[in-house]
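> The sequence isn't on hand, but the structure is:
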Ligand code: NAD
């Protein structure tokens, strides 16, 4: 333990050990500790907020011309790209995602900074020309100190999606990464500093969510929280935000349907469905975890799907060949195992998987497909957040739409068909923030993302993403 790196946190621009509990950061693929972290405590949060508000008022960041602020954000993007392989490796060590996936996440983080630099430069407010004795204009101003609270499944991408628009808008930002994955937020803060973001504007406060996350959310000087995580936590944060009259965005859980129609390109659909559920070992808010297949093709499709799923390579996330890495923690794997047992007790049959692979260390679990369950059972309704697919046949479009929408979540959906009219009809009928047609998990920073129902509130990404971190003011000029 002695030779392990002691991680410093960033409290309003000051790098030092936190005053809170000690956490050991573990590589989920080997169970080896990779770093020791002294987390933030509530005094660290207070200090970070005080420094952030001083930096917001005195650094001149918000007053810089858009192209000047944008050039710093472009520099952050460039630094992420220059360090991309090291960052991808570190991200993989921290949360066990295969290196092929973490490279994509790092690329997405760089693209996010670049996109919001451009959004800032091209941002325009409205002027209403004279209407008699006055003209009016509407301007947007930064909020001040804002916070981003993120989960462990795609840290660098989620954290960039909070940091970049908030900085672009001119704010000071507190990042609260998940307990299990503090590394990427710390790296982003260092790169921001290196790129020339004024000291004090970025803080990284790792620690227990129910303590540090809660204190950040309640802090009177924190003017907005952008939260990504579970629905239960999101509901708690929404309650605090309501009492404070604070805007909040909530990117929450999902149990997304993927739908294969009779006329689908089957090989294409098999690959898409597999990627939709098993990439990131199913630890993805948008995982396509409920599969609906037209009954006429169900047997043939399931044979092809099961055969391909059996061939997925589970193992060392640092190997280029690996497709499925470990789950994040032992506790989380236990929870996935309990869900598979629940599936069996609800009458399900394991088509493939349903056990740990023969790998000595690490929190691995085999890709698992369960058949024979109805959509209303808990295994098909709860977010398992692991490599578990519940597969069900459907008989008619009406039956399909009814079942697909029978969920408290409505984050995403996938439709596999060659018929654009069916795709259009279903795409409109399914309740979801994002619908993919003949593709899955395709994401663009320029396209708004968010959930309906208990999957969330508000949107991230897109040109309007920057506005979420601003308040609006209308000015009238007497003529
Ligand atoms: P979580 O809700 O347990 O934790 C998320 C973050 O919130 C962590 O940083 C945690 O420390 C913090 N937190 C916990 N309690 C808090 C509190 N009382 N106040 C403030 N902060 C608190 O979620 P998780 O297990 O880390 O992540 C998995 C969940 O995230 C899944 O439900 C998944 O679907 C969801 N998710 C959603 C999206 C999306 O964009 N919709 C993306 C990724 C993950």
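Done, it's in. Fair warning: this is a prediction, and the values are worked out from it, not measured in the lab.
> burial of residue 478, as a residue count?
A count of nearby residues for residue 478, using other C-beta atoms under 10 Å, gives 6. (Glycine included, C-beta is placed from N, CA and C.)
> so it bridges to which residues?
With DSSP bridges as the criterion, residue 478 is bridged to residue 134.
> wait, doesn't it sit right on residue 133?
Yes. Using C-beta atoms under 8 Å, residue 478 makes contact with residue 133 at a distance of 6.3 Å.
> Those residues of the stretch 251-400 of the chain touching the ligand, which are they?
251-254, 285, 383, 385 (C-beta under 6 Å from any ligand atom).
> Which elements pack onto the host helix or strand of residue 343?
Per DSSP states H and E, residue 343 falls inside helix 330-345. If contacts are counted by 3 or more C-beta pairs under 8 Å, 6 or more residues apart in numbering; DSSP states H and E, helix 330-345 sits against strand 349-352, strand 368-371, helix 378-381, strand 388-394.
> Please, which helix or strand holds residue 68?
Since the elements are taken from DSSP H and E, residue 68 ends up inside helix 66-82.
> meant to ask about residue 156
Judged by DSSP H and E, residue 156 forms part of helix 155-168.
> The longest helix belonging to the chain vs the ligand: in contact?
Longest helix in the chain by number of residues (criterion: DSSP state H): helix 99-121. No. Counting by C-beta under 6 Å from any ligand atom, no contacts exist between helix 99-121 and the ligand, the nearest distance being 11.6 Å.
> Out of the helices and strands packed on helix 330-345, flag the one nearest residue 411.
Residue 411 lies closest to helix 378-381 among these, at 13.8 Å (C-beta to C-beta).
> so how far is the closest one from its chain's centroid?
22 Å (C-alpha atoms, centre = their mean, to the nearest Å).
> quick one: residue 102 and residue 88 touch, right?
Yes. Using C-beta under 8 Å, residue 102 makes contact with residue 88 at a distance of 4.2 Å.
> who has more neighbours, these two?
For residue 102 versus residue 88, neighbours defined as other C-beta under 10 Å are more numerous around residue 102 (31 against 22).
> Could you check the pLDDT of the more buried one?
On the pLDDT scale, residue 102 is placed at 98.
> Please apply the same query to residue 380.
Predicted confidence (pLDDT) for residue 380: 98.
> cool, residue 265 as well?
Confidence for residue 265, expressed as pLDDT, is 98.
> ok, now which ones touch it?
Residue 265 makes contact with 416, 418, 438 under the criterion C-beta atoms under 8 Å, 6 or more residues apart in numbering.
> model confidence over stretch 460-477, on average?
Computed over stretch 460-477, the average pLDDT equals 95.
> Quick one: check it for contact with the ligand.
No. Shown here: stretch 460-477 not in contact with the ligand (C-beta under 6 Å from any ligand atom), separated by at least 7.3 Å.
> Flag every buried residue along that stretch.
460-463, 465-466, 468-470 (16 or more other C-beta atoms under 10 Å).
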